[in-house]
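1. Got a predicted structure plus its sequence, pasted below:
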Amino acid sequence: MLMMRIGMLTSGGDCQALNAAMRGVVKGLVENVDELEIYGFENGYKGLIYEQYRILTAADFSGILTKGGTILGSSRQPFKQMRVPDENGLDKVEAMKNTYRKLKLDCIVILGGNGTQKTANLLREEGLNVIHLPKTIDNDIYGTDVTFGFQSAINIATDAIDCIHTTAASHNRVFIVEVMGHKVGWLTLYAGIAGGADIILLPEIPYDINKVVEAIQKRSNAGKGFTILAVAEGAISKEDAELTKKAYKAKAASRKYPSVSYEIADQIKEICGVEVRVAVPGHTQRGGSPCPYDRVLCTRLGSAAAKAIMDEDYGYMIAMIDGRTKRVPLGEVAGKLKTVDPNGQMIKEAKRIGISFGD
Ligand code: F6P
């Protein structure tokens with residue numbers, strides 16, 4: 001008779017397919033385990049630290065495949081702060097271990113991005129049984145081809161670019177669509193190509209504003225009245241890329257613009273004397289229902305996580321590699337970032353068809 005007690009939490013910025021992934025885990029266990037107890041920690045690691053949890057049943061995970069957000073709630077608990085006691089002097093890591101032991105958990109399933117993964121690895125090092133599922137619209141988790149949320153966010157960002165395309169064409173305007181992605185350009189690259197952007201600016205390829213302007217002028221000389229730029233929120237100029245991390249942070253903090261796109265817009269206006277508008281879809285990119293691709297991805301990752309749990313094989317991220325789910329040791333991937341290769345095939349192919357990366 002197989003009996004299991006599992007904990008579950010979702011941490012960091014949410015995304016569309018968190019519920020779908022948890023459903024996959026629970027359904028995979030319910031079908032195959034004789035007795036299952038599920039402890040859902042509320043609002044990420046906070047719930048594990050402060051013993052805030054709900055006892056859930058299989059019914060709680062029914063009907064949530066298509067539901068965005070997370071039924072457990074989420075919060076950001078920076079990895080760097082995990083070893084720092086809270087305002088009441090509580091040792092957070094010890095508190096998490098205590099909660100885990102008090103509830104006699106067999107394992108804890110942790111859904112989240114890079115920071116979340118680092119803490120998951122820390123808990124593994126501290127002796128807890130952990131399984132991590134790679135969530136983020138940014139697609140920047142090392143060791144998996146894709147993260148869940150990414151494809152759903154591509155669809156939304158692409159829709160935004162599509163909508164801007166028609167109005168930009170009517171008004172003969174230059175438009176910037178700023179795309180999320182934190183420090184990496186995956187989302188901007190995919191949505192930019194899918195939306196037919198003329199210029200794509202990524203953190204991995206620092207831009208020269210003169211090259212950006214050249215690309216706009218080239219289009220206008222060819223009789224094209226409008227230009228669409230897909231700009232990653234983390235895009236950086238060649239000049240700024242030369243600065244130390246500290247100097248760049250200070251410069252960005254004192255910038256008079258709300259984000260890099262507005263600065264680029266002003267520079268283009270000044271050099272070319274054309275009208276430029278900025279559209280920021282922002283958090284809509286993380287909202288709404290997961291797309292079918294993410295539903296399938298999460299069902300597979302969740303089911304594979306259930307199998308690892310039943311095998312009592314812990315300490316892994318469940319990844320998708322070459323179309324197959326795989327257990328990747330957390331110790332091998334935690335703390336690493338997956339970035340766009342500036343010399344990769346996709347960039348070369350995009351450049352070949354005339355897309356400018358401002359370099
Ligand atoms: O990591 C997901 C993400 O949406 C990033 O793309 C973005 O930079 C960040 O989270 C926004 O964070 P917050 O929700 O805290 O504003």
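-> Ah, there it is.

2. dump the residue contacts of the residue of the stretch 51-200 of the chain found nearest the ligand.
-> Here the stretch 51-200 of the chain gets closest to the ligand at one residue, Met180, 3.4 Å apart by C-beta to the nearest ligand atom. Quick note: C-beta positions are derived from backbone N, CA and C, even for glycine. Met180 makes contact with 137-138, 153, 157, 187, 233, 281-283, 285-286 under the criterion C-beta atoms under 8 Å, 6 or more residues apart in numbering.

3. Tell me the pLDDT of it.
-> Model confidence at Met180, expressed as pLDDT, equals 98.

4. How about it, nearest residue that isn't a chain neighbour?
-> Gln285 (5.0 Å; C-beta to C-beta, 6 or more residues apart in numbering).

5. hang on, isn't the one you found packed against Asp159?
-> No: contact criterion C-beta atoms under 8 Å: Gln285 and Asp159 do not qualify, at 9.9 Å.

6. got the residues of this protein near the ligand?
-> 13, 76, 113, 136-138, 180-182, 233, 286 (C-beta under 6 Å from any ligand atom).

7. Please repeat the previous calculation with a cut-off of 8 Å.
-> 12-13, 15, 76, 113, 136-138, 180-182, 187, 233-234, 283, 285-286 (C-beta under 8 Å from any ligand atom).

8. Buried ones from those, can you make that a PyMOL selection?
-> To isolate the buried ones among those in PyMOL, judged by 16 or more other C-beta atoms under 10 Å, type:
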select buried, resi 12+13+15+76+113+136+137+138+180+181+182+187+233+234+285+286
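
9. All the helices of this structure, residue numbers only.
-> Secondary structure of the chain (DSSP state H): helices located at 18-30, 45-49, 92-102, 114-125, 150-171, 186-194, 209-221, 238-241, 245-253, 260-272, 292-310, 330-333, 345-352.

10. Report how many residues lie close to the closest residue to Arg23 other than its chain neighbours.
-> Counting by C-beta to C-beta, 6+ apart, Arg23 lies nearest to Phe61, which is 4.5 Å off, once chain neighbours are set aside. The tally of other residues near Phe61 (other C-beta atoms under 10 Å) stands at 24.

11. I'd say Phe61 and Ala20 touch.
-> No: counting by C-beta under 8 Å, Phe61 stays clear of Ala20, with 9.8 Å between them.

12. Who are the contact partners of the residue nearest to Arg23?
-> Going by C-beta under 8 Å, 6+ apart, Phe61 touches 19, 22-23, 26-27.
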